[in-house]
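Asker: give the three-dimensional model of this entry:
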Amino acid sequence: MSGQLITVRMNRGDASSPWGFRLQGGKDWGTPLAVSKINPGSLAEQGGLQVGDFIIKIGSSSGQEMLHHEAQEAIKSAKNNLDLQVQRGGTLTWRPTVTAVGDLPKSGTINSTPTSNSTPPATFTKTSLAKTGR
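Answerer: Next comes the predicted model:
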């Protein structure tokens with residue numbers, strides 16, 4: 001992982017006050033959670049959060065495997081004290097879970113009539129990073 005790990009701590013007196021930032025991504029979107037917007041003068045801006053920060057942890061929970069709505073719920077459940085561990089700068093090496101969604105063809109079944117001078121048949125895998133239902 002490159003970049004700098006930073007902990008951003010935000011506190012508010014009223015749970016109805018917004019934190020002042022917007023997230024994008026999540027496991028269901030096939031991209032890491034990242035900060036896409038900071039409202040000027042917001043608690044997020046005052047706490048040092050920046051657009052482009054990758055969310056590594058929300059509180060004590062790993063943000064790297066969270067669905068988008070799970071991240072939103074984790075932020076809401078923080079009540080008046082929100083700690084975010086973010087990676088700033090560099091490129092986040094994100095390793096989503098990849099699951100096979102079908103059987104692999106048996107060797108030699110892709111080309112129905114292979115010839116002696118043809119290249120061996122290719123092997124294919126079919127994977128999906130699509131949104132998972134919960």
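Asker: any chance you could map the helices in the chain?
Answerer: 43-47, 68-76 (DSSP state H).
Asker: turn these into TSV, columns for mean neighbour count, mean pLDDT and distance to residue 56.
Answerer: Placement of C-beta: from N, CA and C, glycine included. Formatted as TSV, the helices of the chain follow (neighbours: other CB atoms under 10 Å; pLDDT from 0 to 100; distance: least, CB to CB, whole Å):
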stretch	mean neighbour count	mean pLDDT	distance to residue 56
helix 43-47	18	95	16
helix 68-76	16	95	12
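Asker: tell me how far the ends of stretch 49-61 are from each other?
Answerer: Chord length of stretch 49-61, first to last residue, is 18 Å (CA to CA, to the nearest Å).
Asker: re the thing from before, closest to residue 23 out of the helices of the chain?
Answerer: Nearest to residue 23, of all the helices of the chain, is helix 68-76, at 5.9 Å by CB to CB.
Asker: picking that back up, tabulate the helices of the chain (a markdown table), appending distance to residue 88.
Answerer: A markdown table is the format used below for the helices of the chain (distance: least, CB to CB, whole Å):
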| stretch | distance to residue 88 |
| --- | --- |
| helix 43-47 | 13 |
| helix 68-76 | 18 |
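Asker: among those, which comes closest to residue 54?
Answerer: Across the helices of the chain, residue 54 has its closest neighbour in helix 68-76 (11.8 Å, CB to CB).
Asker: quick one: contacts of the closest one?
Answerer: Contacting residues not belonging to helix 68-76 are listed as 19, 23, 25-29, 33, 55, 58-59, 61, 63, 66, 82 [CB atoms under 8 Å, 6 or more residues apart in numbering].
Asker: looking at neighbours, which among those is most surrounded?
Answerer: residue 33 (28 neighbours; other CB atoms under 10 Å).
Asker: distance of that residue from residue 41?
Answerer: 24 Å (CB to CB, to the nearest Å).
Asker: repeat for residue 12
Answerer: According to CB to CB, residue 12 and residue 41 sit 13 Å apart.
Asker: which one of these two has more residues nearby?
Answerer: Applying other CB under 10 Å to residue 12 and residue 41 shows that residue 12 carries more neighbours, namely 16 against 9.
Asker: list the contacts of the residue nearest to that one when sequence neighbours are not counted.
Answerer: Here the nearest residue to residue 12 in space, its sequence neighbours aside, is residue 80; by CB to CB, 6 or more residues apart in numbering that works out to 5.2 Å. For residue 80, the contacting residues are 11-15, by CB under 8 Å, 6+ apart.
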